[in-house]
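1. please find the sequence and the predicted model below.
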Amino acid sequence: MKMKIVDLDGYAANPGDLSWEAFEQLGDLVVYDNTSPEQIIERAKDAEILLVNKIELNKDIISQLPKLKYIGELATGFNNIDIAAAKEKGIVVTNIPAYSTDSVAQFVFAHLLNIATHVDYYSTETRKGIWSSKDLFCYWDKPLIELAGKTLGIIGLGNIGYKVACIGHTLGMDISAYTSKNSSDLPEWIRKTTLEGLYSTADVITLHCPLNQENAKMINAEALGQMHKGTILINTGRGGLIDEQAVSKALESEQLKAYCADVMTDEPPHKDNPLIKQPNAFITPHIAWATVEARMRLMKIAEENIKAFLAGTPQNVVNQ
């Protein structure tokens, strides 16, 4: 008999442009676009294999799913799952590593290049007829920035952070990083530094570390005060890495030139979130990972994870 497979929030990974056929071959599959907290137990009660993306599976929920044998996180981060509680119940938990590295790194520079060159602003101005009204062949009323020679400070040098470093280096930027890696294991063009050193020297700071109890709100008023005036801050990691009130105030005081984020503490964000109305906060709706290519890789790795589990040789296990 096939195992019961339930995906509680499948829309994000596959809004309809990809196929679930491979998963249907592995078990009796039910996919929900999204699931509210109140619906989790009822929908998952018969699941032996449970797939989630951002659905929270805490100890209480896990204890109410007696048939559950496997949880597949359809993302790299798995802080939405109580992995200790799952291990206690003998439930295997896997994630999807490194599927979105190129897409997220690309998105970092989409944000950064927009700040440096104001492409969105000037294309909008041109649609309004502003360029057509000028006497000269060109015009600008916002300063343009060349990235070559600027210092890019990277917090977290995993797959994505390192890819960002490589792109920045190719653009001629000086690269510094706060990382647990040894300096001897890094290329000579990456300078390992302390957090304080990174804050005080970087023109652009980009966050690529996981969110945990130690670094929650690491970008707070104190950290922002150590940055030089006019720093650009980019966050494609986790919204909880920053203190949103403190960042908003830093934008108002122009301590930060810009804040670029693809993640927020609450998603979707509240309408009264102070960052949303900041003219120099550029917020995108958690889409850096969502290219077709990245989602195809995600689906394939998720399929292979389930196959490995069914074969008794689970891979990408995060609660061993």
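-> Structure's in. What do you need?

2. counting neighbours, what do you get for the closest residue to Asp203 other than its chain neighbours?
-> Spatial nearest neighbour of Asp203, excluding adjacent residues (C-beta to C-beta, 6 or more residues apart in numbering): Lys150 at 4.2 Å. The C-beta positions use only the backbone N, C-alpha and C, and glycine is treated the same way. Here the number of neighbours of Lys150 (other C-beta atoms under 10 Å) works out to 18.

3. tell me who's in contact with Lys150.
-> 173-174, 203-204 (C-beta atoms under 8 Å, 6 or more residues apart in numbering).

4. farthest-apart pair in these, please.
-> Pairwise distances among these were taken by C-beta to C-beta; the largest, 10.3 Å, belongs to Asp174 and Val204.

5. the more surrounded of those two?
-> Applying other C-beta under 10 Å to Asp174 and Val204 shows that Val204 carries more neighbours, namely 25 against 18.

6. the residue lying closest to the more buried one once chain neighbours are set aside: what secondary structure?
-> The shortest distance from Val204 to any non-neighbouring residue, by C-beta to C-beta, 6+ apart, is to Ile232 (4.6 Å). What DSSP: H, G, I helix; E, B strand; the rest coil gives for Ile232 is strand.

7. and the helices in the chain?
-> Assigned by DSSP state H, the helices in the chain fall at 21-24, 40-44, 59-63, 83-88, 101-117, 119-127, 159-170, 195-201, 221-226, 244-252, 292-310.

8. so Ile306 touches Gln25, yeah?
-> No: Ile306 lies out of contact with Gln25 (C-beta atoms under 8 Å); the separation is 10.1 Å.

9. which one's more surrounded, the two?
-> Ile306 (22 against 11).

10. what's near enough to touch the more buried one?
-> Ile306 is in contact with 5, 23, 26-27, 49, 70, 72, counting by C-beta under 8 Å, 6+ apart.

11. which of the residues you listed fall in strands?
-> Among these, the residues falling in strands (DSSP state E) are 5, 27, 49, 70, 72.

12. nearest to Gly16 among these?
-> Comparing these against Gly16 with C-beta to C-beta places Ile5 closest, at 18.6 Å.

13. tell me how far that closest one lies from Tyr259.
-> Distance from Ile5 to Tyr259, counting by C-beta to C-beta, to the nearest Å: 40 Å.

14. go on, Pro66?
-> Distance from Pro66 to Tyr259, by C-beta to C-beta: 45 Å.

15. try Asp28
-> Counting by C-beta to C-beta - Asp28 and Tyr259 are separated by 46 Å.

16. who's more crowded, the two?
-> More neighbours surround Tyr259 than the other of Asp28 and Tyr259, with 25 against 15 (other C-beta under 10 Å).

17. so what's that one bridging to?
-> Beta-bridge pairing for Tyr259 (DSSP bridges): Leu233, Ala281.

18. I figured it was touching Pro279, is that so?
-> No: using C-beta under 8 Å, Tyr259 makes no contact with Pro279, being 10.8 Å away.

19. who touches Leu233 in this structure?
-> Leu233 is in contact with 204-207, 219, 227, 242, 247, 256, 258-260, counting by C-beta under 8 Å, 6+ apart.

20. again, only using 7 Å
-> Each residue near Leu233 by C-beta atoms under 7 Å, 6 or more residues apart in numbering is listed here: 205, 219, 256, 259.

21. got the contact list for the last one?
-> Neighbour list for Tyr259: 233, 247, 251, 275, 280-281 [criterion: C-beta under 7 Å, 6+ apart].

22. of those, closest to Lys134?
-> Asn280 (25.3 Å).

23. wait, doesn't that closest one sit right on Leu251?
-> Yes: in terms of C-beta atoms under 7 Å, Asn280 counts as a neighbour of Leu251; the distance is 5.2 Å.

24. pick out whichever of those two has more residues nearby.
-> Ranked by neighbour count (other C-beta under 10 Å), Asn280 and Leu251 place Leu251 first, with 21 against 16.

25. please tell me I have it right and the more buried one contacts Pro279.
-> No: Leu251 lies out of contact with Pro279 (C-beta under 7 Å); the separation is 8.2 Å.

26. and the contacts of stretch 77-88?
-> If you take C-beta under 7 Å, 6+ apart as the criterion, stretch 77-88 is touched by 52, 54-59, 62, 71, 73, 93, 95, 210-211, 318-319.

27. and Glu222, how many neighbours does it have?
-> Using other C-beta under 10 Å, Glu222 is surrounded by 11 other residues.

28. and the spatially most distant residue from the centre of the chain, what is it in contact with?
-> Relative to the centre of the chain, the most outlying C-alpha is that of Asp135, 44.1 Å out, by C-alpha atoms, centre = their mean. Residues near Asp135 by C-beta under 7 Å, 6+ apart: none.
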